[in-house]
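Chemist: Just need the structure, nothing else, for what follows:
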Amino acid sequence: MAGRIETWSEVQDVQDRIVSYAIHYLFVDTGEELVAPSKLRFRTKDELTRSLADAGFTVEYVYGDWDRRFAGP
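Modeler: So this is what the prediction gives:
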C-alpha cells in the first residue's frame, strides 16, 4: 500500500497548439516524488476530420465543446 499521495498538475509551456505539462505525485510517507511529463496537441476540426477520413472513418457529427455544442458535419 502506497499510503497518502498528493497530486498536482503544472503547465510548463504552451506553443503552437501544444501544451506541455507535468503531473506530480508525492508519496507523503516516504517523501518520494514521481513526475509524469506529458504533451497535448490540439488539432483543428479540419486536421482531425482529414486524419480520420485518411484512416477510413466517416465523420457524421462534430461537437465543438465539452457541452457538446454542435460544430457541424
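
Chemist: measure Val62 to Leu40 for me?
Modeler: 19 Å (C-beta to C-beta, to the nearest Å). The C-beta positions use only the backbone N, C-alpha and C, and glycine is treated the same way.

Chemist: and Val35, what is it in contact with?
Modeler: Val35 is in contact with 22-25, counting by C-beta atoms under 8 Å, 6 or more residues apart in numbering.

Chemist: next one: Ala53
Modeler: Val59.

Chemist: Just to be sure, it is in a helix?
Modeler: Yes - counting by DSSP: H, G, I helix; E, B strand; the rest coil, Ala53 is found in a helix.

Chemist: before we move on, back to that, tell me which entries of the contacts of Val35 lie within strands.
Modeler: Secondary structure from DSSP state E places 22-25 of those in strands.

Chemist: lowest-confidence helix or strand of the chain?
Modeler: One helix or strand of the chain scores below all others by mean pLDDT, DSSP states H and E: strand 70-72, with a mean of 65.

Chemist: From Val59, how far out is Arg41?
Modeler: In terms of C-beta to C-beta, Arg41 sits 19 Å off from Val59.

Chemist: Against Thr7, how distant is the residue nearest to Lys45 when sequence neighbours are not counted?
Modeler: Nearest non-adjacent residue to Lys45, counting by C-beta to C-beta, 6 or more residues apart in numbering: Val62, 5.9 Å away. Distance, Val62 to Thr7, using C-beta to C-beta: 32 Å.

Chemist: Mind exporting the C-alpha coordinates of stretch 58-65 to CSV?
Modeler: This file holds the C-alpha atoms of stretch 58-65, laid out as CSV (Å, rounded to 0.1, in the frame of the first residue of the first chain):
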residue,chain,number,x,y,z
THR,A,58,-16.7,8.7,-41.8
VAL,A,59,-17.3,11.8,-39.7
GLU,A,60,-21.0,12.2,-39.0
TYR,A,61,-21.0,14.8,-36.3
VAL,A,62,-18.5,17.2,-34.8
TYR,A,63,-19.1,18.7,-31.4
GLY,A,64,-17.3,22.0,-30.6
ASP,A,65,-17.0,22.0,-26.9
